[in-house]
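sequence and predicted structure are below.
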Amino acid sequence: MSFISFNLPAKRLVRSFIAVCFCALMFVSNAFPAFAVTSSPTKGEDKLLGIEKESQEAVLKKPMSLEETQEKASKGPNEVQGDADIDKMKNPSNTSATSFEQQVKKAVSKIKD
């Protein structure tokens, strides 16, 4: 009988330890989602002051003519921002992330080999 009484507290201790580890895992996965991002979480977001300035100027002045709109739109992503801070914007040419399609092709090629 002494064997059974010794085994019961050990089971409780193991169950408690597993529950504490699971709770810690849940806390860490919910509290620190920024670590999952490929960019540095300490860097923060870039200050895109040129975009903000161009947007405010576009709101405060009269609507642009068709020629002005086409000229501004040809410089950058849209007619309001033009090319303001275009070097700071994220796009496929300045990121190292691969698309989902590329990841799937790579995984399939590994399976085939």
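Looks like it came in fine.

to what extent is the closest residue to residue 48 other than its chain neighbours buried, counted in neighbours?
Sequence neighbours aside, residue 85 is the residue nearest to residue 48 in space, at 4.6 Å (criterion: Cβ to Cβ, 6 or more residues apart in numbering). C-beta coordinates here come from the backbone N, C-alpha and C atoms, glycine included. Using other Cβ atoms under 10 Å, residue 85 has 18 neighbouring residues.

tell me the contacts of residue 85?
Under the criterion of Cβ atoms under 8 Å, 6 or more residues apart in numbering, the neighbours of residue 85 are 46, 48, 49, 50, 51.

and if we set it to 6 Å?
Residues near residue 85 by Cβ atoms under 6 Å, 6 or more residues apart in numbering: 48, 50, 51.

domain ranges for the protein?
Split into domains by automatic domain parsing, the chain comes to 1-35, 47-88.

tell me the average confidence for the shortest one?
Think domain 1-35. Domain 1-35 carries an average pLDDT of 77.

just stretch 68-86 next, same as before
The average pLDDT for stretch 68-86 rounds to 74.

tell me the SS of residue 102?
For residue 102, the reduced secondary structure class is helix; criterion used: DSSP: H, G, I helix; E, B strand; the rest coil.

tally up the residues packed near it, please.
For residue 102, the neighbour count with other Cβ under 10 Å is 10.

and the gap between it and residue 72?
Distance check for residue 102 against residue 72: by Cβ to Cβ, to the nearest Å, it reads 33 Å.

before we move on, what about residue 95?
With distances defined as Cβ to Cβ, the gap from residue 95 to residue 72 amounts to 25 Å.

give the residue from the two that has the larger number of neighbours.
A count of neighbours by other Cβ under 10 Å puts residue 72 above the other of residue 95 and residue 72, at 19 against 10.

before we move on, what SS does that one have?
When classified by three-state DSSP, residue 72 comes out as helix.

what's the distance between it and residue 50?
Counting by Cβ to Cβ - residue 72 and residue 50 are separated by 13 Å.

that concludes my questions; thank you for your assistance.
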